[in-house]
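*Asks:* I would like to see how this sequence folds:
(chains A, B, C and D)
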2 protein chains.
Amino acid sequence: MTVGEGRRVTITAIAAEAGVSVPTVSRVLNGRSDVSPQTRERVEELLRQHGYRRRAARSRVSASLIDLVFNDLDSPWAVEIIRGVEDVAHAAGVGTVVSAIHQRSTSARQWLQNLRARATDGVIFVVSDLSPPLLAELRRLNIPMVVVDPAGVPAVDTPTIGATNWAGGLSATEHLLSLGHRRIGFIAGPKRLLCSRARLDGYRAGLEAAGIEVEEELLFQGDFYHESGFAGGAAMLELDDPPTAIFASSDQMAFGVYEAVRRRGLRVPDDISVVGFDDLPEARWASPPLTTVRQPLAEMGLLAARTVLRLAQGEEIETPRIELATDLVIRDSTAAV
Amino acid sequence: MTVGEGRRVTITAIAAEAGVSVPTVSRVLNGRSDVSPQTRERVEELLRQHGYRRRAARSRVSASLIDLVFNDLDSPWAVEIIRGVEDVAHAAGVGTVVSAIHQRSTSARQWLQNLRARATDGVIFVVSDLSPPLLAELRRLNIPMVVVDPAGVPAVDTPTIGATNWAGGLSATEHLLSLGHRRIGFIAGPKRLLCSRARLDGYRAGLEAAGIEVEEELLFQGDFYHESGFAGGAAMLELDDPPTAIFASSDQMAFGVYEAVRRRGLRVPDDISVVGFDDLPEARWASPPLTTVRQPLAEMGLLAARTVLRLAQGEEIETPRIELATDLVIRDSTAAV
DNA sequence: CTGAAAGCGCTTACAG
DNA sequence: CTGAAAGCGCTTACAG
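*Replies:* Purely as a prediction, here's the structure:
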């Protein structure tokens, strides 16, 4: 399969419709400065409407590529998403271009320039903050995109794929409650991320349903990384009335809690229960194996790839926002009080 | 920078040199069947010699891409290598196409077909077994390649980038010896991999230098994955005279040993010392933090990318085999007997 | 700022 | 199996 086979518009067609010459359209396409603003706007509008994409003359072998963009390639779950995307793309004869834009605008600009040159079929973003000018540019180029695990409220008309973070937060909390825990600490992710807030709210909902008040001293503000889990765990263990369980809203923070517990000479789950969120591959092989909320990362990547390929084919997507189910995986880090 | 800027050969030039028409060269290029074997061979030879690569008419924006190929995307160190490669490629305006070929020849064929369509600038392999026909085809297409952490003895004239596995095995062993350990277990990686054998030999060399005999019952055959580390650790702990330290030749196996130790109700490093190999990001945040031999994976990726880009520019590579230094990182999983 | 003209590198019928 | 011809989609001077 090659993406976007059918009758694609040529610049000749666009030029005719816009009432300008072919070279003029070419200039707009290449971002040359010597085009009047009105002309540029009219042509761009048409390019967008028709979903124009550059194609080599007579060539049926248009290199099909999709771009998969991360903030940084330092998270262990990146590879899970890559795996899902690559799987679908590979089968469709499409290459997966992986990039990290590091939140730096120079890097993003560079990336965008490369993107144009390689005439990508679509973009999957796994980044927390998309700069509006970047998005505008992509829309101008009429490049299909989908956003995985959106951080904030995403722009309209961009399909997003996430997980049921709220439900995951709730189920982890209910699990701990069912084991008899009443003092349950929570280590949150960055506030600006939607998924962080949803997990926290799931935790709150669980406690409230059990008639337990949420205590400030049992809430710790983390950032999803190990260090903050360690700090949060250490802080809570030092309380006069420490929690009997800690729910860290990422696996990495849960491992940080493990280390805080160990440093105190205590044991998981004998002295304190720990729950994570993500189910990274290493969760299964932590000591003890970590009870955690599984996020189907590979499946999210899979779905994102399918969606972007469909968009590239010009199909309409009926459900612009999808949340895949999370799943509580009970292992050995949780026990009855 | 765009790779291979300079004067690239066109099919017109090739046709002239071969004494055939342009359409004939085009046919060879596209793998059409209606070309006589002699003609095909002559043309292919010239294409190879000149390092021909398809280019869009008049277009200076040739999409620069390098391919990064793994067996599977299930190893936590894959992302480390991706990071290194992406870093260099991104800066050079080159896209990084990540693929997994899953050792299945159908998948490899599919990949090769996609590769041709996208006119890659070069390929970095991180795979243990390259099928000879695949290699032959790549060579025929004149695509530069480099192999990272070669599994077996690599084909001549393909640059390889590895790590000093033997030295790493030695230094880990010496570290344990210096702590007073005399009974040191070893969990090996797959025998067919060069790196496995080098690590094992480093371990042997260390023991021999200290006048200690290598005991069969302290050697366990693993496969680099968690399960085998767990099995190896469990088996050794059941010995009448168990080791006081275990050197697992991958971090994942070391984590398996952690779990075997925990299941026995013992503690690392109080009851037994454990050393790993790789220094994955999670090694630092294991409980306890893992003493391990660091392999500079990101740097290996970096170097591989630089090398393949240089080859793509037509440069000669003076040192076809490079081994980057490993480094013993001492953390909390090792202690004096 | 724009277009007519020339041209690029490649591919596709068509004819033999 | 091969080539002369036509043509594709696009870009680049050049002229105004």
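
*Asks:* C-alpha from now on. contacts and neighbour counts both.
*Replies:* OK.

*Asks:* and the helix or strand hosting residue A:110, which residues are buried?
*Replies:* Using DSSP states H and E, residue A:110 maps to helix A:105-118. The neighbour-count check on helix A:105-118 (16 or more other Cα atoms under 10 Å in any protein chain shown) flags A:108, A:110-112, A:114-118 as buried.

*Asks:* same thing with stretch A:314-322?
*Replies:* A:321-322.

*Asks:* let's test this: mean pLDDT of that stretch, rounded?
*Replies:* In this model, stretch A:314-322 carries a mean pLDDT of 79.

*Asks:* spit out the contact partners of whichever residue of the stretch 151-300 of chain A sits closest to DNA strand D.
*Replies:* Here the residue of the stretch 151-300 of chain A nearest DNA strand D is residue A:158; by Cα to the nearest atom of the strand that distance is 25.2 Å. By Cα atoms under 8 Å, 6 or more residues apart in numbering or on different chains, the residues touching residue A:158 are A:145-147, A:320.

*Asks:* of those residues, buried ones?
*Replies:* A:145-147.

*Asks:* quick one on the thing from earlier: over to the residue of the stretch 151-300 of chain A closest to DNA strand D: give its phi and psi.
*Replies:* phi -110, psi 120 (degrees, to the nearest 10).

*Asks:* please apply the same query to the one 3 residues further on.
*Replies:* With angles defined as degrees, to the nearest 10, residue A:161 sits at phi -130, psi 120.

*Asks:* now, which of the buried ones among the contacts of residue A:158 sits nearest DNA strand D?
*Replies:* Using Cα to the nearest atom of the strand, the buried ones among the contacts of residue A:158 come closest to DNA strand D at residue A:145, 20.6 Å.

*Asks:* how close does the closest one get to residue A:121?
*Replies:* 9 Å (Cα to Cα, to the nearest Å).

*Asks:* ok, residue A:40 next?
*Replies:* 23 Å.

*Asks:* give me the nearest residue to residue A:93, chain neighbours excluded.
*Replies:* residue B:114 (5.7 Å; Cα to Cα, 6 or more residues apart in numbering or on different chains).

*Asks:* just checking, that neighbour touches residue A:91?
*Replies:* No. In this structure residue B:114 lies outside contact range of residue A:91 using Cα atoms under 8 Å: 10.1 Å.

*Asks:* helices along chain A, start to end?
*Replies:* A:11-18, A:22-29, A:37-50, A:78-91, A:105-118, A:132-140, A:165-178, A:194-209, A:226-237, A:251-263, A:281-284, A:297-312 (DSSP state H).

*Asks:* could you dump those to TSV with distance to residue A:186?
*Replies:* What follows is the helices of chain A, written out as TSV (distance: least, Cα to Cα, whole Å):
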stretch	distance to residue A:186
helix A:11-18	56
helix A:22-29	51
helix A:37-50	46
helix A:78-91	24
helix A:105-118	34
helix A:132-140	33
helix A:165-178	9
helix A:194-209	8
helix A:226-237	9
helix A:251-263	10
helix A:281-284	18
helix A:297-312	23
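
*Asks:* for residue B:166, which of those is the nearest?
*Replies:* Taking Cα to Cα, helix A:281-284 is the member of the helices of chain A nearest to residue B:166, at 26.8 Å.

*Asks:* what number of residues lie near residue A:174?
*Replies:* Neighbour count for residue A:174, taken as other Cα atoms under 10 Å in any protein chain shown: 20.

*Asks:* show me the shaky parts of the stretch 51-200 of chain A.
*Replies:* A:51, A:53-63, A:117, A:119, A:152-156 (pLDDT under 70).

*Asks:* among the contacts of residue A:158, which one sits closest to DNA strand C?
*Replies:* For the contacts of residue A:158, the nearest to DNA strand C is residue A:145 (29.2 Å; Cα to the nearest atom of the strand).

*Asks:* mind checking how far the closest one is from residue B:27?
*Replies:* Relative to residue B:27, and taking Cα to Cα, residue A:145 is found at 36 Å.

*Asks:* give me the beta-bridge partners of residue A:98?
*Replies:* residue A:68 (DSSP bridges).

*Asks:* that one contacts residue B:95, doesn't it?
*Replies:* Yes. Under the criterion of Cα under 8 Å, residue A:98 makes contact with residue B:95 at 7.4 Å.

*Asks:* which of the two has more neighbours?
*Replies:* residue B:95 (29 against 23).

*Asks:* contacts only, for the residue lying closest to that one once chain neighbours are set aside.
*Replies:* Of all residues not flanking residue B:95 in the chain, residue B:65 sits nearest, at 4.6 Å (Cα to Cα, 6+ apart). Neighbour list for residue B:65: B:94-97, B:119-122 [criterion: Cα under 8 Å, 6+ apart].

*Asks:* could you redo the last one with a cut-off of 6 Å?
*Replies:* B:94-96, B:120-121 (Cα atoms under 6 Å, 6 or more residues apart in numbering or on different chains).

*Asks:* just give me the closest of the residues you listed to residue A:33.
*Replies:* Nearest member of the contacts of residue B:65 to residue A:33, counting by Cα to Cα, is residue B:94, at 25.1 Å.

*Asks:* count of neighbours near that closest one?
*Replies:* 27.

*Asks:* would you agree it is in contact with residue B:86?
*Replies:* No. In this structure, residue B:94 is not within contact of residue B:86 by Cα atoms under 6 Å, at 8.6 Å.

*Asks:* domain map for chain A?
*Replies:* Annotated domains of chain A cover A:1-62, A:65-163+A:297-325, A:165-295 [automatic domain parsing].

*Asks:* list the buried ones in stretch A:247-256?
*Replies:* Buried residues in stretch A:247-256 (16+ other Cα under 10 Å): A:247-256.

*Asks:* go on, stretch A:162-182?
*Replies:* Quick answer for stretch A:162-182 (16+ other Cα under 10 Å): A:162-177, A:181-182.

*Asks:* which residues does that stretch contact?
*Replies:* By Cα under 6 Å, 6+ apart, the list of residues contacting stretch A:162-182 reads A:148-149, A:195, A:198-199, A:202-203, A:206, A:293, A:323-326, A:336-337.

*Asks:* and stretch A:284-294, by the same measure?
*Replies:* Contacts of stretch A:284-294 (Cα under 6 Å, 6+ apart): A:168, A:275-279, A:283, A:326-333, B:259.

*Asks:* can I get it in CSV? Just the C-alpha atoms.
*Replies:* Below are the C-alpha coordinates for stretch A:284-294, written out as CSV (Å, rounded to 0.1, in the frame of the first residue of the first chain):
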residue,chain,number,x,y,z
ARG,A,284,7.2,-6.4,36.0
TRP,A,285,10.8,-7.0,37.0
ALA,A,286,11.2,-4.5,39.8
SER,A,287,11.8,-6.0,43.2
PRO,A,288,9.1,-6.5,44.2
PRO,A,289,7.2,-6.5,41.0
LEU,A,290,5.2,-3.4,40.9
THR,A,291,1.4,-3.1,41.1
THR,A,292,0.5,-0.5,38.6
VAL,A,293,-2.0,1.0,36.2
ARG,A,294,-1.3,-0.2,32.8
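
*Asks:* how distant is that stretch from the center of its chain?
*Replies:* 22 Å (Cα atoms, centre = their mean, to the nearest Å).

*Asks:* just stretch A:72-91 next, same as before
*Replies:* 11 Å.

*Asks:* could you list the buried residues of it?
*Replies:* A:73, A:75-90.

*Asks:* follow-up on the earlier one: comparing the domains of chain A, which comes out most buried?
*Replies:* Mean neighbour counts were taken over the domains of chain A using mean count of other Cα atoms under 10 Å in any protein chain shown, and the top value, a mean of 21, falls to domain A:165-295.
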